[in-house]
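Enquirer: fold the following.
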Amino acid sequence: MRVLKLLLTMFTGLLSGVLLVGGAITYFMPTENNKSIVAVFLLGCAGIFSVYFHAKTEELYPFSEFDEPLHELSKKYWALHIAFGLILLILGTLMIILWLNSVSELFILVISIFLFIIGLWTLLDVYFLNKFIVSYKERRARQEGIEDIGDSSTL
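Expert: Residues are numbered from 1 along each chain as shown. I've put the predicted structure just below:
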């Protein structure tokens with residue numbers, strides 16, 4: 001599980017870097033359609049927050065029981081991470097549909113499938129991480145309840 005998290009972090013970082021650099025370079029070039037370039041740059045920014053999310057949640061992998069308190073990230077980072085995954089998933093799906101309708105270059109299909117897989121992988125990572133955190137909190141609450149009962153019985 002830890003290797004998959006590292007791979008996802010590397011792919012997300014690489015993709016975010018390409019989006020940021022590509023968006024910044026094309027932003028300063030005179031073109032007619034700067035709105036789409038700004039969207040690419042903002043997607044790269046969301047990707048950087050996603051990389052931050054991966055770096056902060058890396059310590060939770062592999063999912064195992066531990067007695068240390070769980071340090072949670074802000075809901076903003078969760079939301080940005082989920083948004084990044086959804087945008088990649090939707091973008092990959094739309095690009096695949098457009099490719100199927102126009103049957104253009106195979107390279108575009110490869111990029112589309114890559115975006116789709118990274119988006120799906122990101123969302124699955126969030127799902128399993130959230131599932132782990134919920135079960136961890138439940139176990140921790142049960143453990144503290146048992147300790148409280150044990151402490152009150154010794155009085």
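Enquirer: what lies in contact with stretch 94-108?
Expert: 109, 111-113, 115-116 (Cβ atoms under 8 Å, 6 or more residues apart in numbering). Where you see a C-beta, it was placed from the backbone N, CA and C, and this is true even at glycine.
Enquirer: recalculate using a threshold of 10 Å.
Expert: Stretch 94-108 is touched from outside by 109-116, with contacts defined as Cβ atoms under 10 Å, 6 or more residues apart in numbering.
Enquirer: cool, and stretch 109-118?
Expert: 8, 11-12, 14-15, 47, 50, 84-85, 87-100, 103, 105.
Enquirer: coming back round to it: mind checking which of the contacts of stretch 94-108 are buried?
Expert: Buried members of those, scored by 16 or more other Cβ atoms under 10 Å, are 109, 111-112, 115-116.
Enquirer: looking at these, which is nearest Glu58?
Expert: Leu115 (23.1 Å; Cβ to Cβ).
Enquirer: surely Asp125 meets Gly85?
Expert: Yes. Between Asp125 and Gly85 there is a contact under Cβ atoms under 10 Å: 8.0 Å.
Enquirer: joint contacts of those two?
Expert: Common neighbours of Asp125 and Gly85 (Cβ under 10 Å, 6+ apart) are 12, 50.
Enquirer: where along the chain do the helices fall?
Expert: 2-27, 34-57, 75-102, 106-153 (DSSP state H).
Enquirer: now those in TSV, with mean pLDDT?
Expert: Output for those, formatted as TSV (pLDDT from 0 to 100):
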stretch	mean pLDDT
helix 2-27	79
helix 34-57	77
helix 75-102	86
helix 106-153	83
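Enquirer: that older thread, just the contacts of stretch 94-108 now: which is nearest His71?
Expert: For the contacts of stretch 94-108, the nearest to His71 is Leu115 (30.8 Å; Cβ to Cβ).
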